[in-house]
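J.: Structural data only, the sequence is not supplied:
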């Protein structure tokens, strides 16, 4: 158990819908990362937040958005869902951001299925 | 942009034997980190081993060791005394030491362990 929690574990929804994935980082971690693992794209970085502010952005679609709240939990919002959005979405957290090295601890993931 | 390549989609090994998983990467940076992550059927991402590019000595964690060849941009993982519990997907990953914290993953190698 990494200490990072993600809810829900599984989510099944229809095309065109909107969903929210939630992540609680390890106690004391200020940085949260979102990754998507799909059959087509593999594992790819979506976005990073550090202490409530967006720190880095990857290949995140405009239909997707995220935020980190004052209590440091984060939410990933996916809208106008398409079949291709079906994937495993990981949240990871780390103590800080930038050098020196700090390990990213991964949550168990949320499996999203779009029908 | 940095890329990570794993050219072995699948590998197999017999219990107690040794297996080596390959990874190459491309970067123009001189300071970075390399990782091997294990993803068992539970889908949890587990950090196996980490290598700092500035260190010449190859990292070792119990039965897991790496062969880091910086000039060749090669980073292979050796698993000694393979165990049934080693069966999983293994991902090679890159992270800049100076830029963003994002992890860049390879496509993965599925390792099967036979008794």
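T.: Structure's in. What do you need? Remember, it's a predicted structure, so these values are computed and weren't measured experimentally.
J.: So for the residue sitting nearest the centre point of chain A, what's the pLDDT?
T.: Taking CA atoms, centre = their mean, the centroid of chain A lies closest to residue A:34, which sits 3.0 Å from it. Model confidence at residue A:34, given as pLDDT, is 98.
J.: Can you classify it by secondary structure?
T.: strand (DSSP: H, G, I helix; E, B strand; the rest coil).
J.: what about the strands in the chain?
T.: Reading this off chain A. In chain A, the strands defined using DSSP state E lie at A:5-7, A:10-13, A:19-24, A:31-38, A:42-50, A:53-57, A:64-68, A:74-78, A:87-94, A:105-106, A:110-114.
J.: that's the wrong chain, I wanted chain B
T.: Here chain B has its strands, by DSSP E, at B:3-5, B:10-14, B:19-21, B:24-26, B:32-39, B:46-52, B:60-61, B:64-69, B:74-79, B:88-96, B:104-105, B:109-114.
J.: Let me know the angle separating the second one from strand B:88-96.
T.: Orientation of strand B:10-14 against strand B:88-96 (axes from the mean of the first three to the mean of the last three CA atoms, to 10 degrees) gives an angle of 120 degrees.
J.: Pull up the pairing partners for strand B:10-14, direction included.
T.: With DSSP bridges as the test, strand B:10-14 is paired with strand B:109-114 (parallel).
J.: So which residues make contact with the strand it pairs with?
T.: B:6, B:8-15, B:19, B:21-22, B:79, B:82-90 (CB atoms under 8 Å, 6 or more residues apart in numbering or on different chains). Every residue, glycine included, has its C-beta placed from N, CA and C.
J.: And that strand, what's buried?
T.: B:109, B:111, B:113 (16 or more other CB atoms under 10 Å in any protein chain shown).
J.: Tell me the one of those residues nearest chain A?
T.: Lowest distance from chain A to the buried residues of strand B:109-114 (CB to the nearest CB) belongs to residue B:109, with 12.3 Å.
J.: Distance-wise, check the closest one relative to residue B:19.
T.: 10 Å (CB to CB, to the nearest Å).
J.: shared neighbours of those two, anything?
T.: Taking CB under 8 Å, 6+ apart as the contact rule, residue B:109 and residue B:19 both touch residue B:11.
J.: can you count the residues close to residue B:18?
T.: 12 (other CB atoms under 10 Å in any protein chain shown).
J.: Could you list which residues are in contact with the closest residue to it other than its chain neighbours?
T.: Of all residues not flanking residue B:18 in the chain, residue B:80 sits nearest, at 4.9 Å (CB to CB, 6 or more residues apart in numbering or on different chains). The contact partners of residue B:80, by CB under 8 Å, 6+ apart, come to B:18, B:63-65.
J.: can you do 10 Å?
T.: Neighbour list for residue B:80: B:16-20, B:60, B:62-65 [criterion: CB atoms under 10 Å, 6 or more residues apart in numbering or on different chains].
J.: residue ranges with poor pLDDT in chain B?
T.: Residue ranges of chain B with pLDDT under 70: none are present.
J.: picking up where we left off before, would you list the strands of chain A in a markdown table and tack on distance to residue B:51?
T.: Formatted as a markdown table, those follow (distance: least, CB to CB, whole Å):
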| stretch | distance to residue B:51 |
| --- | --- |
| strand A:5-7 | 28 |
| strand A:10-13 | 35 |
| strand A:19-24 | 28 |
| strand A:31-38 | 20 |
| strand A:42-50 | 19 |
| strand A:53-57 | 22 |
| strand A:64-68 | 30 |
| strand A:74-78 | 29 |
| strand A:87-94 | 18 |
| strand A:105-106 | 19 |
| strand A:110-114 | 30 |
